[in-house]
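K.L.:
For reference, the sequence and a predicted model appear below.
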Amino acid sequence: MCADGVTPAGGEGPGAAVRGSSPQPVLRQPSPGPCEETLQSPFFAAALAVIKGAAAQALEIPLALTTESVKPCNDLSGRLTLNSVETFPSKPQRTKFEKLVAEKVSEDAAFRVFTVPKAMAKELYGDTFCGADHPEEELPDPLQLVSLSDWCLAVTEYPVLKSTAQLGRLELTGFKHRNEKGHFEVSFKIHPPGADPPLAEVSTTHAAPPALSELLPSVAAG
């Protein structure tokens with residue numbers, strides 16, 4: 001799971017104080033790097049879409065440009081960092097967030113995955129699918145987008161589950177807020193019911209991509 005480095009109790013590593021000398025600062029082990037296996041798993045992209053849509057509703061933040069960073073970790077866990085969250089969410093907000101995630105998983109909502117030229121996606125959807133973690137100029141062309149109806153629209157390079165129930169249980173394992181940046185970190189772990197789930201088919205929609213009102217009617221209406 002994602003975690004900052006910790007020093008084992010009783011260990012005398014490089015940062016331990018030496019007898020007879022002034023105390024030295026205890027050095028933390030570096031945080032583990034991203035887990036490529038989790039990143040490429042169809043469970044990971046699906047979980048991010050569910051969590052991002054739930055966060056947008058519970059915390060009342062826009063979908064567009066509020067993903068600050070994503071870190072895939074070992075054992076189908078990860079961390080999603082959101083920006084534009086000025087204060088640590090209240091207990092009712094966090095409860096609503098967790099409830100929305102659980103309800104969306106149990107709903108067994110279908111994922112829609114399609115490719116579209118980047119310029120066309122920008123024209124049709126604006127910044128709705130964009131995150132601060134991936135500047136527009138760094139995105140591939142064409143784009144592969146994953147959509148949950150009236151919930152989330154995001155870029156993904158990897159396969160995605162056919163529907164949300166295949167996530168099994170999507171556990172939000174921790175929250176952390178960074179006041180100085182307005183960043184809210186959501187740690188999570190996926191508990192899938194099986195290891196070989198059916199995947200969403202990828203459609204090529206260059207000729208007639210879906211309208212924003214079809215994918216995110218609430219956003220289009222607003």
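P.N.:
Structure received.

K.L.:
List the pairing partners of the worst-scoring helix or strand of the chain on mean pLDDT within its sheet, with orientation.
P.N.:
When the helices and strands of the chain are scored by mean pLDDT, DSSP states H and E, strand 202-204 comes last with a mean of 91. Strand 202-204 has the following sheet partners, assigned by DSSP bridges: strand 111-116 (parallel).

K.L.:
What sits closest to Glu171 if chain neighbours are left out?
P.N.:
Distance criterion CB to CB, 6 or more residues apart in numbering; nearest residue to Glu171, sequence neighbours excluded, is Lys189 at 4.9 Å. All C-beta atoms are positioned from the backbone trio N, CA, C, and that covers glycine.

K.L.:
which residues touch the one you found?
P.N.:
Met1, Asp75, Leu76, Ser77, Gly78, Leu170, Glu171, Thr173 (CB atoms under 8 Å, 6 or more residues apart in numbering).

K.L.:
Now pLDDT, distance to Ala119 and secondary structure too, for those, in CSV please.
P.N.:
Output for those, formatted as CSV (pLDDT from 0 to 100; distance: CB to CB, whole Å; DSSP: H, G, I helix; E, B strand; the rest coil):
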residue, pLDDT, distance to Ala119, secondary structure
Met1, 64, 39, coil
Asp75, 97, 39, coil
Leu76, 98, 35, coil
Ser77, 98, 36, strand
Gly78, 98, 30, strand
Leu170, 98, 34, strand
Glu171, 98, 39, strand
Thr173, 98, 39, strand
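
K.L.:
Of these, which qualify as buried by neighbour count?
P.N.:
Leu76, Ser77, Gly78, Leu170, Glu171 (16 or more other CB atoms under 10 Å).

K.L.:
wait, which of the residues you listed is closest to Leu39?
P.N.:
Proximity of these to Leu39 (CB to CB) peaks at Gly78, which lies at 8.5 Å.

K.L.:
And that closest one, how far from Leu139?
P.N.:
Separation of Gly78 from Leu139 (CB to CB, to the nearest Å): 20 Å.

K.L.:
name the element the residue positioned nearest the centre of the chain belongs to?
P.N.:
Nearest to the geometric centre of the chain sits Leu48, at 3.4 Å (CA atoms, centre = their mean). Assigned by DSSP states H and E, Leu48 belongs to helix 42-59.

K.L.:
List the buried residues in that helix.
P.N.:
By neighbour count on 16+ other CB under 10 Å, the buried set for helix 42-59 is 42-56, 58-59.

K.L.:
Same check on stretch 215-222?
P.N.:
Here stretch 215-222 shows Leu215, Leu216, Val219 as buried, counting by 16+ other CB under 10 Å.

K.L.:
neighbours around Leu80, how many?
P.N.:
Here the count is done by other CB atoms under 10 Å, and Leu80 has 22 residues near it.
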